[in-house]
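Peer 1: please find the sequence and the predicted model below.
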Amino acid sequence: DPVLGTPLVRVDATGLDLAAGFAFARDTGGAALRALSYRDRAAMLAAAVKVLQAHRDAYYEIATANSGTVKNDSAVDIDGGIFTLGTYAKLGESLGDRHHLVDADMVRLGKDPLFQSQHVLVPTRGVALLINAFNFPSWGLWEKAAPALLSGVPVIVKPGTATAWLTQQFVTLRNENAALRTERQLAEVAYHMAQNQLSERSLLAEKMISSLGEKLRHSEDLARLKVTALASLAGNTSEAQVIAVWDPEQQNGLLTMEKLPAIADTQDYQIWVVDPAYPNPVDGGVFHVGRDGRIVLPFKPAQPVAHAVAFAISLEKKGGVPKAEGPIVLLGK
């Protein structure tokens, strides 16, 4: 408290596994963000704006207690940060479903007009580390995090210690009711993310994604829906974009895939669902992809899955195996 000098909160980095945090951001967070389009990532920013706006009064209380600022001064930081986040959400929506941006015009490289080059902008493979000052715990966070997240780059932030309380509250939830509201909003975004990823829709897949959408609109237990982006573990699948949507109540899921490498006729891709209750991953079925690498695939595990902590895809012999033998090429938690 800048007036009374009494402690309000304590900042302590003891026990933080920074190496694990950076690894998760680069490997899992980065892969998940890159699998989304600009519109998908913008929808996530817009969902975050709604959550932040719902807790503005609490943020003002923290700013007054911790910084001694009056409401008008706090508004510059708090509302300015939320407005910035919303602005990037609108910008991302205008970029549509693309995964890259064109950089300037094509450059002709020879007499033949067919011989030209085009530069494109793609997400940086890494993590944005934000070292922020104490005077803007809100705006300082969102003016940097928003463009990074919209661009498909995960974020780690080190706020100024003196006002870190407010920054920490922006990225955590105040109570269970707030957590449920947030999960509901993010689940709705996840549904639209999965829907946008469908390049081809079989009748069964269409029915399933529509069913998931109905559950999102009517169920109060939206947190049960799990949406995971699978990251590549093999060089030849580095461009693959795979999203798994899992409904534990219905015990079925949906995989939407693009740019998955074609394989030999003597092989199959096999789906695995990881549940700690079983010593080995549960078989989710086999599938094959065409040359375009696109497929929409409903799947149902061979055994009941109480807690799906991860999804994996391995490369196996034709027809699949009861226990994974081949290399795991994609994994998502």
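Peer 2: Sure, I can see it. Numbers count the residues shown, from 1 in each chain.

Peer 1: next one: residue 271 relative to residue 328, how far apart?
Peer 2: 11 Å (Cβ to Cβ, to the nearest Å). C-beta here means a position set from N, CA and C on the backbone, and glycine is covered the same way.

Peer 1: quickly list what's touching both of these two.
Peer 2: Common contacts of residue 271 and residue 328, defined by Cβ atoms under 8 Å, 6 or more residues apart in numbering, comprise 312-313.

Peer 1: in which helix or strand does the residue of the chain most remote from its centre reside?
Peer 2: Of all residues in the chain, residue 111 has its C-alpha farthest from the mean position, at 44.8 Å, by Cα atoms, centre = their mean. Under the criterion DSSP states H and E, no helix or strand holds residue 111.

Peer 1: isn't there a helix covering residue 51?
Peer 2: Yes: checked against DSSP: H, G, I helix; E, B strand; the rest coil, residue 51 lies within a helix.

Peer 1: that one - how many residues pack around it?
Peer 2: Neighbour count for residue 51, taken as other Cβ atoms under 10 Å: 16.

Peer 1: so what pLDDT did it get?
Peer 2: Turning to residue 51, the model gives it a pLDDT of 85.

Peer 1: separation between it and residue 226?
Peer 2: 20 Å.

Peer 1: now the strands for the stretch 51-200 of the chain?
Peer 2: 101-108, 116-121, 128-131, 155-158 (DSSP state E, counting those that start in this stretch).

Peer 1: who wins for proximity to residue 19 among the ones you listed?
Peer 2: Closest to residue 19 of the strands of the stretch 51-200 of the chain is strand 155-158 (Cβ to Cβ; 11.7 Å).

Peer 1: isn't residue 100 right up against residue 120?
Peer 2: Yes: when contacts are counted by Cβ atoms under 8 Å, residue 100 is listed as touching residue 120 (4.7 Å).

Peer 1: and the helices in this protein?
Peer 2: Along the chain, the segments classed as helices by DSSP state H run 18-24, 30-34, 38-54, 56-67, 71-95, 139-150, 164-170, 176-196, 203-218.

Peer 1: for the fourth one, name the packing helices and strands.
Peer 2: Right, the one you point to is helix 56-67. helix 71-95, helix 164-170 (3 or more Cβ pairs under 8 Å, 6 or more residues apart in numbering; DSSP states H and E).

Peer 1: residue contacts, the residue nearest to residue 60 when sequence neighbours are not counted?
Peer 2: Excluding the flanking residues, the one nearest residue 60 by Cβ to Cβ, 6 or more residues apart in numbering is residue 74, at 5.3 Å. Going by Cβ under 8 Å, 6+ apart, residue 74 touches 59-60, 63-64, 67.
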